[in-house]
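Dropping a prediction and its sequence here:
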Amino acid sequence: MVKRISTEAYQALRGALPVITWNKRPFETFLRTALRDHPALLVGLNFSDLKRNVSDQLIDTLITHEEKYQEVTLQLMLEVASMTRFPNLEQERDETQRKLRIDEAHQAVTHLRSVTAQYSCDLKQSVLKENARKAAAAQAEAVRKFSDDVEALRTRFIDLQSHQDNQKRGYEFESLLADLFLLYDLEPRLAYATELEQIDGSFSFDTDDYIVEARWRKAPTDRGDGDIFAAKVQSKGKNAMGLFVSINGFSGDFLKRFDNSTPFITMDGADINFVLENRIRLDDLLRAKKRHANDTGSCHLPATVYLAS
């Protein structure tokens with residue numbers, strides 16, 4: 001709330017409302033539109049009565065319940081104070097009467113504008129503060145929901161570790177990765193097949209499109225699997241990259257083969273766990289791995305090494 005509205009401001013509104021229109025129907029339409037979000041203020045207003053009496057009744061209610069209606073009162077005042085034309089008055093056929101009524105409306109609105117100028121600044125500041133409060137609350141809620149969603153994925157990941165059906169676990173792991181990519185707005189696509197090959201999934205990140213290879217096997221992934229995946233990536237577009245995810249890591253031959261020239265980056269179970277424990281953001285880790293691959297040619301940058309650097 002801003003400071004209390006002055007008696008002069010209320011009286012200026014009381015004087016302006018009845019004269020900005022001549023006919024009762026436009027007067028009623030204006031008030032019903034201006035107060036459409038506060039129908040309780042319209043209840044009991046007898047629009048068949050004189051406009052001045054209706055205005056008096058409305059303003060008496062606004063004064064009596066200022067704590068409740070201060071913001072809507074100020075908005076009504078500022079809306080009337082911003083008027084520069086009066087279409088209903090302009091329809092008066094008698095030129096003399098038309099000029100008198102328009103002049104009267106301009107004088108009333110000008111007076112209202114002069115006594116509400118400070119309220120306009122106060123209201124804008126109040127709105128800015130309220131918007132900032134709402135934005136902060138929305139951000140806090142988004143952070144909380146994001147943390148909850150990551151925790152739910154972490155629970156799924158832990159459950160998969162005791163899964164006995166290796167094939168089913170593989171499918172569920174691909175689904176988990178897709179949900180993780182979706183959480184980070186990476187536009188994931190689930191597993192799909194072309195005429196020649198099976199792709200475990202894909203996503204977009206920064207300026208690159210990534211195809212995904214996901215492995216959950218007891219042994220580390222060997223060089224042969226790396227060569228096959230490299231061929232898949234290299235057969236795609238020029239902006240294509242690969243992400244090879246192997247829960248139990250990669251063999252020494254694999255890492256040596258892709259140590260100085262690689263079309264893909266790698267993640268292992270430890271990397272996934274770091275992300276799902278919220279110790280590092282997935283997008284930050286992917287960006288670091290991509291830069292490491294560009295700088296060194298190596299496919300492999302463990303999250304532990306990156307965080308320690």
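Noted; the coordinates are in hand. Note that this is a predicted model, so its numbers are computed, not measured.

CA only for contacts and neighbour counts going forward, please
OK.

could you give me the average pLDDT of the helix or strand harbouring H111?
Of the helices and strands defined by DSSP states H and E, H111 is found in helix 95-160. Confidence for helix 95-160, expressed as mean pLDDT, is 89.

after it, next one along is what?
Next along the chain after helix 95-160, with elements defined by DSSP H and E, is helix 166-183.

Please compute how far stretch 299-309 lies from its chain's middle.
Stretch 299-309 sits 32 Å away from the centroid of its parent chain (CA atoms, centre = their mean, to the nearest Å).

Mind listing what's buried along that stretch?
Under the neighbour-count criterion of 16 or more other CA atoms under 10 Å, stretch 299-309 has C299, H300, L301, P302, A303 buried.

The second one touches K289, doesn't it?
Put plainly, it is H300. Yes - the pair formed by H300 and K289 meets the contact definition of CA atoms under 8 Å, at 7.2 Å.

what about F27, neighbour count?
Taking other CA atoms under 10 Å as the criterion, the count of residues near F27 is 20.

List the residues that contact it.
Contacts for F27 (CA atoms under 8 Å, 6 or more residues apart in numbering) come out as P18, I20, T21, K51.

Tell me how far the spatially closest residue to Y192 that is not a sequence neighbour lies from A214.
Using CA to CA, 6 or more residues apart in numbering and skipping the chain neighbours, the partner closest in space to Y192 is I199 (5.4 Å). Relative to A214, I199 is positioned 9 Å away (CA to CA, to the nearest Å).

all helices of the chain, in order?
In the chain, the helices defined using DSSP state H lie at 7-16, 24-34, 51-64, 66-81, 87-90, 95-160, 166-183, 223-234, 252-257, 269-276, 282-296, 303-308.

And the fifth one, what does it pack against?
Using 3 or more CA pairs under 8 Å, 6 or more residues apart in numbering; DSSP states H and E as the contact criterion, the secondary-structure elements in contact with helix 87-90 are helix 95-160.
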